[in-house]
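>>> Below are the sequence and a predicted model for it; my questions follow.
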Amino acid sequence: MDYNNNVTPPPYFNEGAVAKQTNAVMKRVYVRMFIGLLVSAFCALGVASSPALLSFFVMNRIVFWGMFIAMFIMAWVLPSRMQKMSTGAVLGCFVLFSAMMGTTLAPIFLVYRLGTIVYTFFITAGTFGAMSVYGYFTKSDLTKMGSFLFMALIGLIIASVVNIFVASSALDWIISIVGVLIFVGLTAWDTQQIKQISRANLDPALADKLATIGALNLYLDFINLFLYLLRIFGGSRD
């Protein structure tokens with residue numbers, strides 16, 4: 001996801017001040033991402049444990065696909081509209097997005113064993129953490145890798161749509177593996193992008209909004225990585 005490029009570097013080089021600003025923004029990014037994951041987890045568990053909520057949010061196709069469409073619109077529109085929104089509104093949209101995502105993820109508790117979900121989550125957390133650390137500290141420019149990964153992501157989406165009609169288990173396995181590789185790479189790329197933008201001379205309000213958008217990007221990387229790993233490890237209830 002694109003970040004705001006209309007920023008200027010600090011007017012003078014002060015590595016200590018830049019490092020302090022970067023650390024402050026990154027801290028907000030990770031804290032908000034963690035809050036988003038907590039919101040999603042509670043919503044998923046709450047809906048999965050209630051037959052009435054499952055019936056309304058999951059079994060009702062209009063509501064279920066309505067949430068998917070709403071999340072898609074929010075994910076693409078929010079970064080471009082954030083300058084016209086208050087910091088509270090941007091953060092509120094992120095929390096709402098996380099709640100809707102958690103609601104749509106409720107069925108995984110009906111499809112997969114709880115043990116599989118738990119250890120897949122920890123594997124995801126470890127993999128995500130390692131790649132985020134790499135993206136933060138690497139001296140390599142990951143810009144070209146990001147462009148390649150976005151093209152690969154488009155191909156992955158197309159293959160996933162095709163497999164809905166083909167229903168090939170072999171293709172599903174390949175899609176899952178490729179999906180893991182793509183979001184492992186995107187985790188490092190997004191982290192580097194967030195770090196670079198946080199080093200710019202930003203207005204405090206804009207920096208706060210960008211921290212929320214950064215949290216949204218990393219949140220999506222984590223969720224997608226988790227779901228593709230879950231498909232690989234399996235462990236269904238059947």
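Yes, it's here. Everything quoted here is computed from the prediction, not taken from an experiment.

>>> tell me which residues of the strand or helix carrying Asn224 are tucked away?
For Asn224, the host element (DSSP states H and E) is helix 204-233. Neighbour-count burial for helix 204-233, counted by 16 or more other CB atoms under 10 Å, picks out 206-231. C-beta: built from backbone N, CA, C; applies to glycine.

>>> ok now it, how far from the chain's centre?
From the chain centre to the centre of helix 204-233 is a distance of 2 Å (CA atoms, centre = their mean, to the nearest Å).

>>> Quick check: which helices or strands does it pack against?
Applying 3 or more CB pairs under 8 Å, 6 or more residues apart in numbering; DSSP states H and E, we find helix 204-233 packed against helix 15-48, helix 61-81, helix 87-104, helix 114-137, helix 169-198.

>>> can those go into TSV with extra columns for mean neighbour count and distance to Ala159?
Output for the helices and strands packed on helix 204-233, formatted as TSV (neighbours: other CB atoms under 10 Å; distance: least, CB to CB, whole Å):
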stretch	mean neighbour count	distance to Ala159
helix 15-48	17	26
helix 61-81	13	18
helix 87-104	19	21
helix 114-137	16	22
helix 169-198	20	6
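
>>> Could you dump those into CSV with distance to Leu156 and mean pLDDT added?
Below are the helices and strands packed on helix 204-233 laid out as CSV (distance: least, CB to CB, whole Å; pLDDT from 0 to 100):
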stretch, distance to Leu156, mean pLDDT
helix 15-48, 22, 90
helix 61-81, 16, 90
helix 87-104, 19, 95
helix 114-137, 18, 94
helix 169-198, 6, 93
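
>>> so can I have a markdown table of these showing distance to Ala152?
What follows is the helices and strands packed on helix 204-233, written out as a markdown table (distance: least, CB to CB, whole Å):
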| stretch | distance to Ala152 |
| --- | --- |
| helix 15-48 | 23 |
| helix 61-81 | 18 |
| helix 87-104 | 22 |
| helix 114-137 | 16 |
| helix 169-198 | 5 |
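
>>> Of these, give the one that comes closest to Ile154.
Taking CB to CB, helix 169-198 is the member of the helices and strands packed on helix 204-233 nearest to Ile154, at 10.3 Å.

>>> tilt between the closest one and helix 114-137?
Relative orientation of helix 169-198 versus helix 114-137 (axes from the mean of the first three to the mean of the last three CA atoms, to 10 degrees): 40 degrees.

>>> what residues are up against Thr143?
Not one residue lies near Thr143 by CB atoms under 8 Å, 6 or more residues apart in numbering.

>>> quick one: it from Gly185, how far?
12 Å (CB to CB, to the nearest Å).

>>> do the same with Met67
From Met67 to Gly185 the distance is 28 Å (CB to CB).

>>> Repeat that for Ile158.
The spacing between Ile158 and Gly185, counted by CB to CB, is 18 Å.

>>> same deal with Thr191?
Here the criterion is CB to CB. By it, Thr191 lies 11 Å from Gly185.

>>> and if you look at Ala75?
According to CB to CB, Ala75 and Gly185 sit 19 Å apart.

>>> Equivalent analysis for Leu38, please.
Counting by CB to CB, the gap between Leu38 and Gly185 amounts to 26 Å.

>>> do the same with Asp221
Taken as CB to CB, the span from Asp221 to Gly185 is 9 Å.

>>> Also Met82?
For Met82 relative to Gly185 (CB to CB), the value is 25 Å.

>>> Also Ser160?
Look at Ser160 and Gly185: by CB to CB, they are 18 Å apart.

>>> Equivalent analysis for Phe165, please.
28 Å.

>>> cool, Ser176 as well?
Remark: distance between Ser176 and Gly185 (CB to CB) = 15 Å.

>>> before we move on, what about Val90?
Taking CB to CB as the measure, Val90 falls 26 Å from Gly185.
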